[in-house]
Structure formats: C-alpha cells, structure tokens
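Trainee: below is the sequence, then the predicted model.
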Amino acid sequence: MIAVENTCRAEPSPRAARRGRPAAVAAAIAAALVLAVRLAAFAEREASPLSLWHHWSETDEWAAIATARRIASGNLLDVPAYRPYFAWQRRFGTEAEWNATLPKNVYYQGPAYPYVLALAGVPREEAVPRLRLGQHLLATVAAAFLAAAAAAILARAGRPPLLAAVAGAAAGALHGLFGPLVFLDGFLYRDGPVAHAAALLLALPLLVERPPGPVKAAGFGLLAGTAALLKQTVLPLGLLAGAALVLRVPRGTPRTRAAGGFLAGLLLALSPLVARNLAVGAPPFAFDTRPLVGIPWANARGADGSGSVSPHALRVLREAGGSTLAAAAGTLRTWEGDPLGLPALLARKLVSAFQRTEIADDASFDFFR
C-alpha cells in the first residue's frame with residue numbers, strides 16, 4: 001500500500017501535465033525554426049571565403065585557436081600563458097612592454113573555450129566546421145529552453161494553451177534567430193556560447209515546477225560555474241539565477257541543503273581554474289586579462305567609442321601593476337581636468353547602442369557584411 005502511494009506521488013498531476021504541453025510545443029516549434037535557419041546559415045558560410053577566417057592572425061578567434069593548439073600539444077596548464085600581439089598594439093609598445101603589464105600566467109581570455117576547442121581537436125582543420133555546427137546546435141537548444149520557459153510561465157498564469165505555446169515559441173525564436181548571434185556562431189568566438197549559456201541560466205529556474213533538492217541545485221551550480229569559465233561576466237547572472245532557484249525551497253533545512261548543493265556545484269566547476277592558478281603562481285580566482293586591458297583601452301582619455309585605442313592605455317596598464325581595480329582608477333585619472341569627458345564618452349556609447357551601431361572590429365556583423 002505504501003509503495004502504491006509513493007508511486008502515485010511521483011507521477012505529475014493532470015493539471016501539471018496540461019501546463020507542460022504548451023512548453024513542449026513551444027520548444028519544438030522554436031527548435032525546428034531555429035535549426036532550419038541556422039543550418040542554412042552554416043551551409044552558406046562554409047561555402048564562402050569566410051570559412052577560412054580563422055587563419056587571419058588579427059582576431060580573438062585566432063587567439064583562441066592558438067591557445068587550444070598549445071593545450072593540445074601537451075601544455076595543459078598554458079604556461080607561460082598565451083599572449084597575442086596584435087597590429088594595433090605595435091603602435092604603442094613592444095610585445096615585451098605589453099606582456100610586462102599583465103599578471104603572470106593569467107589566461108588571456110576565459111579558459112573554458114580554448115580547452116573545449118582543444119578537446120574537440122580544433123588544431124586540426126577538419127574540426128573547425130564541426131565546432132561551428134556545434135555552436136549552432138547549442139543555440140537551438142538554448143532557444144528551445146527559452147521557449148519552454150516562456151510558455152510555462154504563461155501556462156502557470158492561466159493563459160490559454162495556444163497563446164502560451166505561440167508566445168513561448170516567439171521568445172525562443174527571438175534568441176535563436178537574432179542576426180548578429182547567428183553570425184557569431186559561424187566563427188570560433190566564445191561570444192555565441194556565452195549568450196547561450198546565459199539563456200540557459202535564465203530559462204532553467206523558470207522551468208522548475210517543484211522546489212529543487214540539493215542534487216538539482218548542484219547541477220545548476222555546475223552550469224553557472226562552467227558558464228563563468230567561458231566569460232566571468234556571466235557569474236552574476238548565475239548567482240542571481242541560483243538564488244532564485246534556492247529561494248523557492250521552503251525555509252529551514254531543505255533550503256540550506258539546496259543552497260549548499262548549488263555552492264558545491266559552483267565551486268566544483270571553478271576548482272580546476274583555482275587549482276591551475278595556484279599551481280602556476282597566478283591569483284586563484286583570476287579568470288583572464290581581458291577586463292584589465294579593456295578598461296583603459298576603451299575608456300581612458302582619447303578613446304572615442306569606436307575601435308580606436310586610448311593613447312594612455314599602455315601607461316595606465318604599466319602603472320596598474322596587473323590590478324584591474326588599479327587600472328580602473330588610473331583610467332579615471334586620465335580624465336583629470338575634463339570631468340565631463342568620461343560621461344560624454346559613455347553617453348556616446350549608449351547612443352551608439354540604441355542606434356544599433358556596432359564597432360567595426362574582427363567580430364563585427366557590419367564589417368563582414
């Protein structure tokens with residue numbers, strides 16, 4: 001009798017099953033639409049000269065592949081850490097001068113992506129299109145989960161199933177068919193996978209019908225930590241999504257266990273980075289050097305919101321001594337005597353974003369078009 005009761009409890013209620021149907025339909029519609037468009041985009045790109053873009057040495061794609069090549073060749077810890085030296089850097093200083101401003105053995109960019117490339121065999125030419133196709137498939141999965149989450153929210157709110165399914169499918173398609181994102185997934189840039197990981201972090205907590213236990217919370221923490229290894233700016237979203245998930249658990253021991261599970265999963269994902277950094281003498285939670293360089297590069301006096309580099313960038317980095325906070329403070333000091341200069345620069349960037357203007361760099365949709 002007890003076994004029968006437990007089995008009945010495990011089965012979803014008819015009401016929950018009805019709510020789940022719009023989510024499943026929305027996910028299927030979004031996935032089919034996104035996959036069809038992206039397969040067409042993939043075929044078109046691979047048939048064009050842009051399929052060879054990864055051979056140009058002035059891109060972050062080249063840097064990711066170069067790092068993956070070092071890892072695949074046996075340099076598993078990437079020591080000394082790979083440092084690109086692009087043409088724009090030569091105008092301001094030598095390669096040794098630039099390298100001297102960066103903290104020793106900190107990764108150039110988030111470590112997860114080059115390691116994925118290395119595991120997938122990207123140093124071999126035939127692996128490049130496979131990874132590009134994989135990014136399109138990841139986009140399809142993210143779009144399906146977003147569609148399901150949107151439909152589930154509407155279904156739980158009592159909206160008609162057809163409305164929930166259509167609106168959910170539209171939400172997923174908005175992500176999966178966003179033009180610049182379709183474009184970026186056709187190259188080996190981390191930007192697309194970062195966006196898709198962020199979409200999953202947003203969607204999954206909204207899909208959970210029942211309060212999660214510690215195991216599910218740990219799985220979500222593992223996803224949040226892995227996404228942060230792609231790009232550390234995703235970490236705040238992962239923490240907020242994890243908090244939203246944990247707060248759905250009743251107070252007391254169950255919530256404590258769910259929170260512990262989430263943190264355990266998060267730390268497990270980050271532990272390889274911490275262990276590697278400690279082994280090579282880098283700060284334990286240093287993800288990469290991109291923020292350190294990017295702050296003065298794009299915000300110190302002389303930057304104009306385009307792809308041009310502030311002439312003060314190298315000096316600020318030299319004075320910062322490898323500290324991102326010090327680089328931010330040094331960037332502010334370059335505007336002494338012109339207190340409105342930095343707000344004007346930030347306003348120009350904001351206006352450019354609202355006008356859908358994109359910097360014409362090596363990952364620019366307009367540049368390629």
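Mentor: Arrived safely.
Trainee: any low-confidence regions in the protein?
Mentor: 1-20, 356-363, 365-369 (pLDDT under 70).
Trainee: in this structure, which helix is the longest?
Mentor: helix 14-46 (DSSP state H).
Trainee: just how off-centre is the helix or strand that that one is followed by within its chain?
Mentor: Next in sequence after helix 14-46, counting helices and strands by DSSP states H and E, comes helix 60-72. Distance, stretch centre to chain centre, for helix 60-72: 18 Å (CA atoms, centre = their mean, to the nearest Å).
Trainee: chain center to the longest helix of the chain, what's the gap?
Mentor: Put simply, helix 14-46 sits 21 Å off its chain's centre (CA atoms, centre = their mean).
Trainee: now do that helix: which elements does it pack against?
Mentor: Applying 3 or more CB pairs under 8 Å, 6 or more residues apart in numbering; DSSP states H and E, we find helix 14-46 packed against helix 127-156, helix 161-176, helix 179-184. In short, each C-beta sits where N, CA and C put it, glycine included.
Trainee: output those helices in CSV, with mean neighbour count and distance to Val274 appended to each entry.
Mentor: Shown next, in CSV, are the helices and strands packed on helix 14-46 (neighbours: other CB atoms under 10 Å; distance: least, CB to CB, whole Å):
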stretch, mean neighbour count, distance to Val274
helix 127-156, 22, 26
helix 161-176, 21, 32
helix 179-184, 18, 29
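Trainee: so can I have JSON lines of these showing distance to Gly302?
Mentor: Compiled in JSON lines, the helices and strands packed on helix 14-46 are given as follows (distance: least, CB to CB, whole Å):
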{"stretch": "helix 127-156", "distance to Gly302": "36"}
{"stretch": "helix 161-176", "distance to Gly302": "36"}
{"stretch": "helix 179-184", "distance to Gly302": "28"}
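Trainee: so which of the ones you listed is nearest Gly261?
Mentor: Closest approach to Gly261 among the helices and strands packed on helix 14-46 is made by helix 127-156 (20.7 Å; CB to CB).
Trainee: picking up where we left off before, among the helices and strands packed on helix 14-46, which is nearest Gly221?
Mentor: Closest among those, using CB to CB: helix 127-156, at 17.4 Å.
Trainee: how much does the closest one deviate in direction from helix 60-72?
Mentor: 110 degrees (axes from the mean of the first three to the mean of the last three CA atoms, to 10 degrees).
Trainee: tilt between helix 127-156 and helix 161-176?
Mentor: Using the same axes, to 10 degrees: helix 127-156 against helix 161-176 is 150 degrees.
Trainee: now for helix 127-156, which elements pack on it?
Mentor: Partner elements for helix 127-156 (3+ CB pairs under 8 Å, 6+ apart): helix 14-46, helix 161-176, helix 179-184, helix 191-207.
Trainee: take those and write them to JSON lines, including distance to Leu223.
Mentor: As requested, the helices and strands packed on helix 127-156 are exported to JSON lines (distance: least, CB to CB, whole Å):
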{"stretch": "helix 14-46", "distance to Leu223": "18"}
{"stretch": "helix 161-176", "distance to Leu223": "17"}
{"stretch": "helix 179-184", "distance to Leu223": "20"}
{"stretch": "helix 191-207", "distance to Leu223": "7"}
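Trainee: so which of these gets nearest Glu319?
Mentor: Nearest to Glu319, of the helices and strands packed on helix 127-156 and by CB to CB, is helix 191-207 at 30.2 Å.
Trainee: for the helix or strand just after the closest one, packing partners?
Mentor: Sequence-wise, the next helix or strand downstream of helix 191-207 (DSSP H and E) is helix 214-230. Where contact means 3+ CB pairs under 8 Å, 6+ apart, helix 214-230 is packed against helix 112-119, helix 191-207, helix 235-246, helix 253-280.
Trainee: could I get those as TSV with distance to Arg333 and mean neighbour count?
Mentor: Below are these laid out as TSV (distance: least, CB to CB, whole Å; neighbours: other CB atoms under 10 Å):
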stretch	distance to Arg333	mean neighbour count
helix 112-119	33	21
helix 191-207	31	21
helix 235-246	27	18
helix 253-280	29	17
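Trainee: distance to Phe178 added to those helices, as TSV?
Mentor: Converted to TSV, the helices and strands packed on helix 214-230 look like this (distance: least, CB to CB, whole Å):
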stretch	distance to Phe178
helix 112-119	20
helix 191-207	8
helix 235-246	18
helix 253-280	27
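Trainee: so which of those helices gets nearest Ser364?
Mentor: Taking the helices and strands packed on helix 214-230 one by one with CB to CB, helix 191-207 is closest: 11.4 Å.
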